[in-house]
Structures are given as C-alpha cells and as structure tokens.
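Peer 1: Build me a model from this:
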Amino acid sequence: MTGKILTPRVAYRPDEEISGTVSWTAEKSPKTAELRLFWHTVGKGDRDNGIAENLIFEMPQPTDARPFSFRAPTFPPSFSGNLISLIWGLELILDPGGAEALELVIGPDAQEVTLDHPDWLIVPETPKRKWPWSR
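Peer 2: Residues are numbered from 1 along each chain as shown. Predicted structure coming up:
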C-alpha cells in the first residue's frame, strides 16, 4: 500500500479547519479505510494517546482519493519540554494495507507551546490586603 495525506499546511490554531486529501493505491480494495486526527505523548514515563476525531471512508477502492475536513481541537495544545512532548497528527489506516501518518502542530498562534520557559505557569503576585483593623 502506498498512501498520502496532503494538507496545505501542518500548523493550525485551535478551532481552525484542517482539510486536505488522502489517497492510496493498494493491490485490492481495503475492507476499511479510516483517517484519524490523534495525539500522542513521547518522552519519559508512560505514553498516552487519544483520538479527537475519525472519518470512515465508505466503499474504499484499490486506488482512491478522498477529501477530508476536521476542526482543530482547542485542547491540549502541541507542547514540547525536557521530559515530555505532546504531538498531534493525522493517520490514514487501511485494513489490510497499513498506515501513513502526518505530524501536525495545533497551538496558540499555530505554534507549539514550549515548556522550557513556561511563562503561562507563573502566577502573578497578589497585592497584600490591608485590613481595616490593622495599623
């Protein structure tokens, strides 16, 4: 099986449309053809993964091309740190036939959040309250 996932770009903001075309060539018609918008973690510790959306292509042919469209999730964003990273992607799965994947970035300003300098974790200091009975 040879498969392709074509998109106009690979970086998206939350709630943007992710669209494109998938195509494949196989010796015979696959029993199933599915495209998944998924995430997975890499790094130290346990690996996690999840599927945000999937699209089942009806009556797949041995040589085929299909359009697709997903909405970029609002959470979690793509992020990268010293211990763990979260990566989004599209995966075309043909049974029988195999799989083809394309890595994506989904985050604020269509960029990966870096955990090396997590400004978003810093809590601003709250001003000290002066109570009416204190002098």
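Peer 1: How many residues are close by the residue nearest to residue 109 when sequence neighbours are not counted?
Peer 2: Distances taken as C-beta to C-beta, 6 or more residues apart in numbering place residue 13 nearest to residue 109, at 6.8 Å, with adjacent residues excluded. Yep, even glycine has a C-beta here, placed from its N, CA and C like the rest. Using other C-beta atoms under 10 Å, residue 13 is surrounded by 15 other residues.
Peer 1: got the contact list for residue 13?
Peer 2: 72, 106-110 (C-beta atoms under 8 Å, 6 or more residues apart in numbering).
Peer 1: Contacts only, for residue 101.
Peer 2: By C-beta under 8 Å, 6+ apart, the neighbours of residue 101 are 5, 89-92.
Peer 1: ok, and the most crowded of the contacts of residue 13?
Peer 2: Within those, residue 106 tops the neighbour count with 29 neighbours, counted by other C-beta under 10 Å.
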